[in-house]
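**Q** prediction below, plus the sequence it came from.
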Amino acid sequence: QVQLVESGGGLVQTGASLRLSCVASGRIFSIKMTGWYRQTPGKQREFVANITSGGITNYADSAKGRFTASRWIDKNTAYVQMTMNSLKPEDTGVYYCAADHFYGTSWGQGTQVTVSS
């Protein structure tokens, strides 16, 4: 019912910035919250940030002050971005966008972020 596609990952140096995008299509008005999660090899997927349909944001301690989530809708598409500043090597991982909606939870395919020291 909701489809997600992420983009914006890449290889950057410590201190650089990246902007991740998540484009949601389908029943976008059923989305209650959209979140970003990071996964690294051998570890569980961990919460990074989320934003509600009303624009309220929440961040993991590691992301506070450096990452900013935003959301807007244009016609029948929802856009969720996460701007990541002052990147650190520990921010490296595959970032997934997830949308909680009336029908369950949808996940994107992930985008790789690599921060070199």
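**A** Sure thing, it's come through.
**Q** now the residue nearest to the spatial centre of the chain: which helix or strand?
**A** Centroid check for the chain by Cα atoms, centre = their mean gives residue 36 as the closest residue, at 3.2 Å. Following DSSP states H and E, one finds residue 36 within strand 31-39.
**Q** how about the helix or strand containing residue 73: buried residues?
**A** Following DSSP H and E, one finds residue 73 within strand 67-74. For strand 67-74, burial by neighbour count (16 or more other Cβ atoms under 10 Å) applies to 67-69, 71. Every residue, glycine included, has its C-beta placed from N, CA and C.
**Q** so residue 29, which of the three states?
**A** Three-state assignment for residue 29 (DSSP: H, G, I helix; E, B strand; the rest coil): helix.
**Q** er, residue 65 actually
**A** Applying three-state DSSP: residue 65 is coil.
**Q** residue 106 contacts residue 98, correct?
**A** Yes: contact criterion Cβ atoms under 8 Å: residue 106 and residue 98 qualify, at 6.9 Å.
**Q** just list what the strand holding residue 73 packs against, helices and strands only.
**A** strand 46-52, strand 57-59, strand 77-84 (3 or more Cβ pairs under 8 Å, 6 or more residues apart in numbering; DSSP states H and E).
**Q** between strand 46-52 and the helix or strand following the longest one, find me the angle.
**A** For strand 77-84, the succeeding helix or strand toward the C-terminus, using DSSP H and E, is strand 93-101. When axes from the mean of the first three to the mean of the last three Cα atoms, to 10 degrees is applied, the directions of strand 93-101 and strand 46-52 differ by 40 degrees.
**Q** next, the angle from strand 93-101 to strand 77-84.
**A** Using the same axes, to 10 degrees: strand 93-101 against strand 77-84 is 140 degrees.
**Q** just how off-centre is the next helix-or-strand element following strand 93-101 within its chain?
**A** Counting by DSSP H and E, the next helix or strand C-terminal to strand 93-101 is strand 104-107. Taking Cα atoms, centre = their mean, to the nearest Å, the mean C-alpha location of strand 104-107 is offset from the chain mean by 13 Å.
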